[in-house]
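# Below: sequence and its predicted model.
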Amino acid sequence: MDTVQHVFRGTFVHSTQTCPMEVLENHILGVGSTGKILFIEHAEKEAQLALKWKFDESKIEDLGKNEFFMPGMIDTHIHAPQYSFIGSGMDRPLLQWLEHITFPTEEKFSDLDLASNIYETVVRRTLKNGTTTACYFATIHTDASLVLADIADRYGQRAFIGKVCMDSNTAYPEYIESTEESIAETQRFVEAMQNMKYDRVKPIITPRFAVSCSERLLCELGRLADSYGLHIQSHISESVAEIQEVLNLFPEYNNYTEVYSKNKLLTNMTVMAHGCYLTDEELHLFRSNGSAISHCPNSNISLCSGHLDVSNVIKQKVKVGLGTDIAGGYSISMLDAIRKAIETSKILFMEREKRRKESKTIHNHLQEENGMLPEKECNCRIKNNGKKVLSDQEAFRLATLGGSQALNIDHITGNFEINKEFDALLISPEIHNSPFDVFSQFSKEDMVQRFLYLGDDRNIKAVYVAGRRVVPFQNNS
Ligand SMILES: Nc1nc2[nH]cnc2c(=O)[nH]1
Ligand SMILES: [Zn+2]
């Protein structure tokens with residue numbers, strides 16, 4: 001029997017398959033020596049649990065008043081080198097932004113000192129903001145990508161690391177590899193990562209996007225992913241100009257999704273960023289292949305790329321998580337991704353309503369809504385009840401359990417179910433300098449909601465990955 005490493009008593013908030021946000025008050029959670037959750041029960045069972053798991057009740061760590069644990073957040077799409085220009089260059093559309101800002105910056109990451117410096121900063125910053133798992137794009141440089149892996153491991157962050165592959169770049173030909181080089185270097189990267197035997201840092205096959213990859217490269221990367229049993233990440237249907245470019249480059253394919261699927265890049269271990277313009281037919285292919293979408297709402301807005309209708313993605317039963325897409329997105333915080341996902345959903349709802357109201361009389365509209373009364377005439381939350389707007393709870397689930405499903409690691413992390421690893425954030429709403437206020441009438445649900453909308457890293461008192469406290473940072477990291 002595993003020995004108990006930590007026992008916490010207090011409030012635990014998480015998502016399950018059936019409930020987007022479950023608030024467990026006065027509970028007790030035990031973490032074993034391997035970092036796995038051994039039990040989570042109502043605190044009235046304390047004595048029984050102490051007997052069964054052989055721990056001393058005086059060792060229980062009590063949470064402060066109004067504090068709670070939530071699962072660590074999962075950033076399913078982030079470009080580590082782009083942290084060096086975060087919050088700048090937001091006035092260009094995607095393809096121009098890549099050519100003029102992104103590629104010239106990434107090219108410089110052949111310099112290992114630069115890479116090490118930026119990568120250490122990004123790992124620290126993401127961890128401090130509660131990202132316990134990050135799915136990173138690095139650059140085309142193998143050795144610098146290995147540096148990122150090493151830093152993530154040293155700080156204890158759970159991570160996927162992608163050495164970026166691109167053998168076609170007419171926009172900025174200085175930043176490119178040959179097809180053979182890209183394949184050989186990917187193999188070298190994967191084998192070097194496997195030799196390191198990191199516990200929680202894994203390689204991920206990373207064709208940048210179809211615009212910058214030849215068909216042969218895509219095909220060989222699909223083969224490599226298959227033969228090594230690896231995860232895959234890329235971009236898809238982010239902007240209209242990008243889609244047009246893909247259709248020009250790959251005229252023999254019916255749509256963007258087919259370019260990846262026919263090259264074995266759309267598997268149940270694939271996460272594709274954006275997907276703003278995917279048709280239901282393409283979403284169907286995602287679903288049947290078990291592939292996921294990383295919804296990156298900040299980036300979609302910042303680069304004026306488009307909007308993803310995440311409610312439709314959920315309705316089509318496609319796996320979906322959230323991503324910051326640094327530096328297309330300007331915020332490192334997954335709390336921002338939660339907020340922007342909700343706001344995008346509201347914008348889409350209002351646009352739909354506007355179109356509907358323009359084309360129909362109010363009378364017809366109400367009939368179509370199954371007799372639902374207009375908002376003024378009833379008390380119900382018409383938008384959420386009508387399932388038209390992403391709820392706060394659902395957005396919370398996307399940032400935690402949804403991300404773990406998207407990355408196919410939901411058997412390991414994503415919530416506080418027994419046997420999963422304890423990836424968790426200790427949230428303290430009443431910390432000194434808190435960005436929001438707590439009033440006496442607040443329920444625990446109110447507290448969580450205020451944190452999601454108003455909180456920041458100041459409220460994240462501690463971060464745990466697999467039971468190990470990784471924030472505040474330890475001396476060796
Ligand atoms: N947002 C974003 N989209 C891309 N498509 C190809 N590369 C990129 C990138 O670095 N960022
Ligand atoms: Zn991206």
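On my side now, so go ahead. Ligands and ions are numbered 1, 2, ... in the order given.

# And the residue of the stretch 301-450 of the chain found nearest ligand 2, its phi and psi?
Nearest residue of the stretch 301-450 of the chain to ligand 2 (CB to the ion) works out as residue 325 at 4.5 Å. All C-beta spots, glycine's among them, are computed from the backbone N, C-alpha and C. Dihedral pair for residue 325: phi 50, psi 40, per degrees, to the nearest 10.

# close to ligand 1, is the longest helix belonging to the chain?
For the chain, the longest helix by residue count, based on DSSP state H, is helix 334-359. No. On the criterion CB under 6 Å from any ligand atom, helix 334-359 is out of touch with ligand 1, staying 13.6 Å away.

# Report all helices and strands that that helix contacts.
For helix 334-359, the elements it packs on are strand 73-79, helix 297-302, helix 310-315, strand 319-322, helix 392-397, helix 444-454, judged by 3 or more CB pairs under 8 Å, 6 or more residues apart in numbering; DSSP states H and E.

# Now that we have the ones you listed, can you turn them into a markdown table and tack on mean pLDDT?
Shown next, in a markdown table, are the helices and strands packed on helix 334-359 (pLDDT from 0 to 100):
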| stretch | mean pLDDT |
| --- | --- |
| strand 73-79 | 99 |
| helix 297-302 | 98 |
| helix 310-315 | 97 |
| strand 319-322 | 98 |
| helix 392-397 | 98 |
| helix 444-454 | 97 |
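
# tell me the most buried of these?
Per-stretch averages of neighbours, counted by mean count of other CB atoms under 10 Å, single out strand 73-79 among the helices and strands packed on helix 334-359, with a mean of 30.

# Take that strand, keep the C-alpha atoms, and write them as PDB.
This file holds the C-alpha atoms of strand 73-79, laid out as PDB (Å, rounded to 0.1, in the frame of the first residue of the first chain):
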ATOM      1  CA  MET A  73      -4.600  24.500 -15.600                       C
ATOM      2  CA  ILE A  74      -3.600  22.900 -18.900                       C
ATOM      3  CA  ASP A  75      -2.400  25.200 -21.700                       C
ATOM      4  CA  THR A  76      -2.900  23.100 -24.800                       C
ATOM      5  CA  HIS A  77      -1.100  25.500 -27.200                       C
ATOM      6  CA  ILE A  78       1.800  27.800 -26.400                       C
ATOM      7  CA  HIS A  79       4.800  28.900 -28.400                       C
END
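
# So it, near ligand 1 or not?
Yes. Strand 73-79 comes into contact with ligand 1 (CB under 6 Å from any ligand atom), by way of residue 79.

# Pull the residues that contact that strand.
By CB atoms under 8 Å, 6 or more residues apart in numbering, the surrounding residues in contact with strand 73-79 are 102, 122, 126, 130-137, 233, 271, 273, 292, 294, 296, 321-328, 334-335, 337, 399-400, 402-404, 406-407, 413-414, 425.

# With stretch 170-181 instead?
95, 98-99, 103-104, 106-107, 140, 165-169, 185, 214, 216-217, 220.

# thinking again about what came up before, next, the angle from the longest helix of the chain to helix 444-454.
Relative orientation of helix 334-359 versus helix 444-454 (axes from the mean of the first three to the mean of the last three CA atoms, to 10 degrees): 90 degrees.

# returning to that earlier point: what subset of the contacts of strand 73-79 is buried?
Buried members of the contacts of strand 73-79, scored by 16 or more other CB atoms under 10 Å, are 102, 122, 126, 130-137, 233, 271, 273, 292, 294, 296, 321-328, 334-335, 337, 399-400, 402-404, 406-407, 413-414, 425.

# So which of those residues are in helices?
122, 126, 334-335, 337, 403-404, 406.

# re earlier: what subset of the contacts of stretch 170-181 is also close to ligand 2?
With the criterion set as CB under 5 Å from the ion, no member of the contacts of stretch 170-181 is near ligand 2.

# Any of those buried? List them.
Buried among the contacts of stretch 170-181 by 16+ other CB under 10 Å: 95, 98-99, 103, 106-107, 140, 165-169, 185, 214, 217, 220.

# What is the lowest-pLDDT residue among those?
Within those, residue 169 has the lowest pLDDT, namely 90.

# Mind putting the helices and strands packed on helix 334-359 into a markdown table with distance to ligand 2?
Formatted as a markdown table, the helices and strands packed on helix 334-359 follow (distance: least, CB to the ion, whole Å):
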| stretch | distance to ligand 2 |
| --- | --- |
| strand 73-79 | 6 |
| helix 297-302 | 7 |
| helix 310-315 | 17 |
| strand 319-322 | 13 |
| helix 392-397 | 20 |
| helix 444-454 | 24 |
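
# To residue 13, which of those lies closest?
helix 444-454 (5.3 Å; CB to CB).

# for the closest residue to residue 297 other than its chain neighbours, what are its contacts?
Closest residue to residue 297 apart from its sequence neighbours, by CB to CB, 6 or more residues apart in numbering: residue 340 at 3.7 Å. The contact partners of residue 340, by CB under 8 Å, 6+ apart, come to 297-298, 301, 329.

# coming back round to it: the longest helix of the chain near ligand 2 anywhere?
No. Helix 334-359 does not reach ligand 2 (CB under 5 Å from the ion); its nearest approach is 12.9 Å.

# what secondary structure does residue 458 sit in?
helix (DSSP: H, G, I helix; E, B strand; the rest coil).

# Now do the strands in the stretch 51-200 of the chain.
61-62, 68-71, 73-79, 131-137, 158-162, 164-165 (DSSP state E, counting those that start in this stretch).

# okay, the helix or strand hosting residue 48 in PDB with CA atoms only?
Here residue 48, judged by DSSP states H and E, is contained in helix 46-53. Listed next in PDB are the C-alpha coordinates belonging to helix 46-53 (Å, rounded to 0.1, in the frame of the first residue of the first chain):
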ATOM      1  CA  GLU A  46     -11.100  11.500   8.900                       C
ATOM      2  CA  ALA A  47     -10.600   9.000  11.700                       C
ATOM      3  CA  GLN A  48     -11.400   6.000   9.400                       C
ATOM      4  CA  LEU A  49      -9.100   7.300   6.700                       C
ATOM      5  CA  ALA A  50      -6.300   7.900   9.200                       C
ATOM      6  CA  LEU A  51      -6.600   4.300  10.300                       C
ATOM      7  CA  LYS A  52      -6.800   2.800   6.900                       C
ATOM      8  CA  TRP A  53      -4.000   4.900   5.400                       C
END
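
# mind listing what the residue in the stretch 151-300 of the chain that ligand 2 sits nearest to touches?
Per CB to the ion, residue 273 is where the stretch 151-300 of the chain lies closest to ligand 2, at 4.8 Å. Contact analysis of residue 273 by CB under 8 Å, 6+ apart lists 76-77, 233-236, 238, 293-294, 296, 323, 325.

# Mind doing that once more with 10 Å?
By CB atoms under 10 Å, 6 or more residues apart in numbering, the contact list for residue 273 reads 76-79, 135, 137, 209, 233-238, 293-296, 299-300, 308, 323, 325, 328.

# Could you check how far it is from residue 236?
Using CB to CB, to the nearest Å, one gets 7 Å for the distance from residue 273 to residue 236.

# any shared contact partners between those two?
209, 293-294.

# Show me what from this structure comes close to ligand 2.
Near ligand 2, when you scan the chain using CB under 5 Å from the ion, you find 273, 325.
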